[in-house]
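> sharing a model prediction with you, sequence too.
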Amino acid sequence: LFRAHLPKTLADLSFHHVHERVPAQYIKNAISSCLASKLVYKEGTKFISVQNPKKLAQIALKYIQKEKEIAILLESIENSTDLQPEDKQQITELLRAGGARTALQ
């Protein structure tokens, strides 16, 4: 998540040195900012406002985990030879439409 916060060229050239050269608090702040922006952009402010503030950080981390799980599922479906093309498309659309938010339930 932090890598996405950096300019592409900087990330490509020296991401592996970030922890050596960037203060830990800056990294934490950048990750928090990226995560908050991602949640608001993808789910909207209403989604955030109805969450328990004490559990929001936990929800945000679980959201990222569910996004990764869905990406793995999507890749499996796309690479599957057992499904008909129409079924692949329908399953893929459902996963993308539901997204991480649905997986949180």
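Received the coordinates, thanks. Residues are numbered from 1 along each chain as shown.

> in the chain, which spans are helices?
2-5, 8-14, 18-21, 24-43, 45-49, 56-79, 85-103 (DSSP state H).

> which residues touch the fourth one?
I take that to be helix 24-43. For helix 24-43, the external contacting residues (C-beta atoms under 8 Å, 6 or more residues apart in numbering) are 1-2, 4-5, 18-19, 47-48, 60-61, 63-64, 99-101. All C-beta spots, glycine's among them, are computed from the backbone N, C-alpha and C.

> just how off-centre is it within its chain?
From the chain centre to the centre of helix 24-43 is a distance of 11 Å (C-alpha atoms, centre = their mean, to the nearest Å).

> could you tell me which residues within it count as buried?
Neighbour-count burial for helix 24-43, counted by 16 or more other C-beta atoms under 10 Å, picks out Ala30, Ile31, Cys34, Leu35, Lys38, Leu39, Glu43.

> with the third one instead?
By neighbour count, with 16+ other C-beta under 10 Å as the criterion, the buried positions of helix 18-21 are Val18.

> mean confidence score for that helix?
Averaging pLDDT along helix 18-21 yields 78.
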